[in-house]
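J.: Sequence plus predicted model, see below.
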Amino acid sequence: MGKKESLKVPIPLEEQVQVLAGDVQKERNDASRSSRKRSRALEHSPKEKGIQSRHKSRPSTHTMAGIFQVCRLARLNDFPESKDQLGIVNREVPAGSSYFFKTLLERACFDEAAGKVCKSHAKTDIRRIVQEKIPKEFQNKAFYETWLSDMAEVCKTFCDTQKSETITFWVGSDRTCAKYHVDWVPYRMLVTYHGKGTEYLPDDVYDREAFFRIPENDVILEDSKAAKFLQPWDVALFRGGPDGIVHRSPDAARETPTMLMRLDRKEYFDVIVQKKVILQQKFIVQQEGVMKAIIVNNE
C-alpha cells in the first residue's frame, strides 16, 4: 500500500509576517554571537590581533553616521559585519541610460517582473524573467544587454552578502511606498535605474521615537531639506528590523516614470512577491516599551 500524501495547509498571512520578524531577530542574535566569538578569539590570537589592526587602519568609508559608503560592489560584503544601517556604492550613469528607460516606459506597459535568480546563471535567469515584459524592439538594443549584465552583477553581489546561491528578484515601475518605514527583512538591496532614487533619513535628522509612536509619520521630519536621496544607478544595501534605516519612495517617483530593482532573500519570494504583501505601519511587536513598526514594503 502506497504512502499517504500529506496535505499542504496554507500558512496564514499573519504567521508569515511573524516568520519574517523572527528571521530578523535571529539575524541580529547571530550577528551578536559572531561578534562576541570574534572578540574572544582576538584576545587570544596575536595573529588575529594584527589582522584586526590592519583592518582598522583602512581609510574610513563612512560619510555620515550609520552610512557605509564604498567605491566597489565587492566592498559591500563587509557591510553585514558593520553596525551601519545603509551601505551605498555611488556609480556613474552610463551613456544611453536615460533615453533607453524613458522610451521604454513611454511605449511599453511595463509594471513589474519577479522571480528567483541563481548566482551561477544570473543573467540567464533575469533575461527569462523580464523578456515577456520588454518589447522585442528594446531587447534588440545594445543597452538592453548592458542593463541585464548590470542587474546580474548586482544580484551576484547580493548573493555574496547573504552567503546564498539564490535570491528573490523584482524589477518594476510601481513605487508606492509614500510612508516612511523600515523593512522587516534582514537585508534588502535596491537600485533605481531611472527616476528619483529612494529617500532615506539618517538618524540625526528626525525624531526616531516619534516615528514609531505617531501613525502619521510624515510629521517626524521638520526640515524636508534634511532628507537624503540615492542617485540613479547607486547600489544600496538596507539593513532591516527595529534598527533599520527609515526610508520611502520619493514623491517624484510616484509622479514620473521610474525603474527600480529590488533584491531580497530567496525564502521571502512567496510572501513578498507572489502574495504582493504590503503592510503599512502594522504595529505588532513591542520592545522596551516602544512600539516597533513592522513593514514589508516594495522599496
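T.: That came through fine.

J.: got a list of what residue 90 touches?
T.: 69, 71, 231, 234 (C-beta atoms under 8 Å, 6 or more residues apart in numbering). Bear in mind the C-beta positions are built from the backbone N, C-alpha and C, glycine included.

J.: before we move on, what about residue 129?
T.: 113-115, 117, 169, 171.

J.: Check for me that it belongs to a helix.
T.: Yes. Counting by DSSP: H, G, I helix; E, B strand; the rest coil, residue 129 is located in a helix.

J.: Tell me which of the contacts of residue 129 fall in strands.
T.: Among those, the members falling in strands (DSSP state E) are 113-115, 117, 169, 171.

J.: of the residues you listed, closest to residue 187?
T.: residue 169 (14.3 Å; C-beta to C-beta).

J.: and that closest one, how far is that from residue 260?
T.: Per C-beta to C-beta, to the nearest Å, residue 169 is found 12 Å from residue 260.

J.: Looking at those two now, which is surrounded by more residues?
T.: The neighbour comparison of residue 169 against residue 260 (other C-beta atoms under 10 Å) goes to residue 169, with 27 against 23.

J.: picking that back up, can you select the buried ones from the ones in strands among the contacts of residue 129 in PyMOL?
T.: Per 16 or more other C-beta atoms under 10 Å, the buried members of the ones in strands among the contacts of residue 129 correspond to this PyMOL selection:
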select buried, resi 113+114+117+169+171
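
J.: Look at residue 25 and report its pLDDT.
T.: As predicted, residue 25 sits at a pLDDT of 54.

J.: Actually, residue 14.
T.: So, for residue 14, pLDDT stands at 45.

J.: what about the residue nearest to residue 222 when sequence neighbours are not counted, distance to residue 265?
T.: Nearest non-adjacent residue to residue 222, counting by C-beta to C-beta, 6 or more residues apart in numbering: residue 206, 7.8 Å away. Taking C-beta to C-beta as the measure, residue 206 falls 28 Å from residue 265.

J.: now residue 189
T.: Distance from residue 189 to residue 265, by C-beta to C-beta: 10 Å.

J.: again, but for residue 140
T.: 34 Å.

J.: More neighbours: which of the two?
T.: A direct count of neighbours by other C-beta under 10 Å for residue 140 and residue 265 places residue 265 higher, at 21 against 9.

J.: how about the more buried one, phi and psi?
T.: When read as degrees, to the nearest 10, the backbone of residue 265 gives phi -70, psi 150.

J.: what's near enough to touch it?
T.: Counted by C-beta under 8 Å, 6+ apart, residue 265 has contacts 162, 164, 167-168, 185-187.

J.: Specify the beta-bridge partners of it.
T.: Beta-bridge partners recorded for residue 265 (DSSP bridges): residue 167.

J.: from now on call the first residue 38
T.: Sounds good: first residue 38 from here, last item residue 302.

J.: Pull up the gap between it and residue 142, please.
T.: Distance from residue 302 to residue 142, by C-beta to C-beta: 28 Å.

J.: Check the burial of the closest residue to residue 276 other than its chain neighbours by counting its neighbours.
T.: Distances taken as C-beta to C-beta, 6+ apart put residue 122 closest to residue 276, at 5.1 Å, once the chain neighbours are dropped. Per other C-beta under 10 Å, the neighbour tally for residue 122 reads 25.

J.: so residue 122 touches residue 101, yeah?
T.: No. Counting by C-beta atoms under 8 Å, residue 122 does not reach residue 101; the two are 10.5 Å apart.

J.: Okay, and which of the contacts of residue 127 map to strands?
T.: residue 106.

J.: so which of the contacts of residue 127 comes closest to residue 187?
T.: Of all the contacts of residue 127, residue 271 has the smallest distance to residue 187: 12.1 Å, by C-beta to C-beta.

J.: Return the residues in contact with that closest one.
T.: 125-128, 228-229, 234 are the contacts of residue 271 under C-beta under 8 Å, 6+ apart.
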